[in-house]
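Undergrad: Generate coordinates for the sequence data below:
(2 chains)
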Amino acid sequence: DTAVSQTPKYLVTQMGNDKSIKCEQNLGHDTMYWYKQDSKKFLKIMFSYNNKELIINETVPNRFSPKSPDKAHLNLHINSLELGDSAVYFCASSLTGTGHEKLFFGSGTQLSVL
Amino acid sequence: GNSVTQMEGPVTLSEEAFLTINCTYTATGYPSLFWYVQYPGEGLQLLLKATKADDKGSNKGFEATYRKETTSFHLEKGSVQVSDSAVYFCALSTGPSGTYKYIFGTGTRLKVLA
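TA: Take a look at the predicted model:
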């Protein structure tokens, strides 16, 4: 009964390839996020969607394209992967209107670009 | 802009020692403040939160008080255990419901020795 699940857990690929990471939450939340955590553990938001609508889009290269087919899913597609894309990517979700927007995180996808 | 600054780690303590991890913030308006914990190989989990000045968040023996006058939210625990070894993130959230934006600190690694 994983609350926020993302796949794959590990992704090793060559520079220039295109890859996708999938995320699903079964908590009934209406907002989902993608975060990037670098090797120094610095965590930075990339995107957030509220009811399938893009709310936050930080200064992320347009090689990164999120897609939210419904409130329970937020996938991340990355084109033309670069070495600097190597990181751990976390999906998260929250429920608006609860007053404090507690985030629930997935266990992460470790992306290694060779 | 909004930001969170927390002490650099790693912090290494013996079991039963007293823990303090400092966190200060800069924000417009009235942010909510959080501490999240990340155990090895896992996503972040909410540890505690405070939504207004002078609130004290507490959980699992950890405490933090929202100090508006010093813009601080320091994490404390009176007696740490080996199982507390993890990375701790201070964070704030701002914005209207549905568009909340989280800002995370850089994380502080805690290592507790038996």
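
Undergrad: you'd agree A:Gly84 is in a strand?
TA: No: checked against DSSP: H, G, I helix; E, B strand; the rest coil, A:Gly84 lies outside a strand; its state is helix.

Undergrad: dump the residue contacts of it.
TA: By CB atoms under 8 Å, 6 or more residues apart in numbering or on different chains, A:Gly84 lies in contact with A:Val113. The C-beta positions use only the backbone N, C-alpha and C, and glycine is treated the same way.

Undergrad: what do you get for B:Lys49?
TA: Residues counted as contacts of B:Lys49 (CB under 8 Å, 6+ apart) are A:His100, A:Lys102, B:Ser32, B:Leu33, B:Phe34, B:Trp35, B:Gly57.

Undergrad: okay but the second one is in contact with B:Gln45, surely?
TA: The reference is to A:Lys102. No: applying CB atoms under 8 Å, one finds A:Lys102 not in contact with B:Gln45, separated by 9.9 Å.

Undergrad: Tell me which of the two has more neighbours.
TA: When neighbours are counted by other CB atoms under 10 Å in any protein chain shown, A:Lys102 comes out ahead of the other of A:Lys102 and B:Gln45, with 18 against 14.

Undergrad: can you pull the contacts of that one?
TA: Contact partners of A:Lys102, counting by CB under 8 Å, 6+ apart, are A:Ser94, B:Phe34, B:Leu46, B:Lys49.

Undergrad: Enumerate the beta-bridge partners assigned to B:Ser3.
TA: Beta-bridge pairing for B:Ser3 (DSSP bridges): B:Thr26.

Undergrad: neighbours of it, just the number please.
TA: 11.

Undergrad: wait, doesn't it sit right on B:Thr24?
TA: No: B:Ser3 lies out of contact with B:Thr24 (CB under 8 Å); the separation is 9.1 Å.
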